[in-house]
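Enquirer: I'd like to go over a predicted model; first the sequence, then the structure.
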Amino acid sequence: MLTDHTYQAFGGHLNAAWVGATCELVLDVINGRVGRKFSKEIGLNLFEFSN
């Protein structure tokens with residue numbers, strides 16, 4: 001979990017990672033909404049981006 005300068009919390013998911021002596025992360029803001037939509041072709045819920 002991360003916070004901004006006003007301590008508003010932001011959460012997310014990290015499914016797996018290997019971290020050695022150091023770790024560098026790059027975060028980016030995605031404008032709009034991120035949801036999930038089932039793909040019959042793949043059989044999984046995939047990301048769906050909308051404004």
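Expert: Ah, there it is. As the structure is a computational prediction, the values presented were derived from the model and not from experiment.
Enquirer: element containing the one residue sitting closest to the centre of the chain?
Expert: Computing the C-alpha centroid of the chain and ranking residues by Cα atoms, centre = their mean puts residue 12 first, at 5.2 Å. Using DSSP states H and E, residue 12 sits in no helix or strand.
Enquirer: So for the residue nearest to residue 32 when sequence neighbours are not counted, what pLDDT did the model give?
Expert: The spatial neighbour of residue 32 that comes closest, neighbours along the chain excluded (Cβ to Cβ, 6 or more residues apart in numbering), is residue 51 at 4.3 Å. Placement of C-beta: from N, CA and C, glycine included. pLDDT, residue 51: 85.
Enquirer: pretty sure residue 51 is touching residue 31, no?
Expert: Yes. Counting by Cβ atoms under 8 Å, residue 51 touches residue 31, with 7.3 Å between them.
Enquirer: What is the neighbour count of the residue nearest to residue 39 when sequence neighbours are not counted?
Expert: Using Cβ to Cβ, 6+ apart and skipping the chain neighbours, the partner closest in space to residue 39 is residue 46 (5.0 Å). By other Cβ atoms under 10 Å, 11 other residues sit near residue 46.
Enquirer: quick one, what contacts residue 46?
Expert: 36-39 (Cβ atoms under 8 Å, 6 or more residues apart in numbering).
Enquirer: Which of these fall within strands?
Expert: Judged by DSSP state E, strands contain the following of these: 36-39.
Enquirer: Dump these into TSV; add pLDDT and neighbour count as well.
Expert: Listed next are these as TSV, based on pLDDT from 0 to 100; neighbours: other Cβ atoms under 10 Å:
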residue	pLDDT	neighbour count
36	94	10
37	94	10
38	96	11
39	94	11
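Enquirer: Just give me the closest of these to residue 20.
Expert: Distance to residue 20, by Cβ to Cβ, is smallest for residue 36 among the ones in strands among the contacts of residue 46, at 32.3 Å.
Enquirer: give me the beta-bridge partners of the residue lying closest to the closest one once chain neighbours are set aside?
Expert: Leaving out its chain neighbours, the residue that sits closest to residue 36 by Cβ to Cβ, 6+ apart is residue 45, at 4.1 Å. Beta-bridge pairing for residue 45 (DSSP bridges): residue 38.
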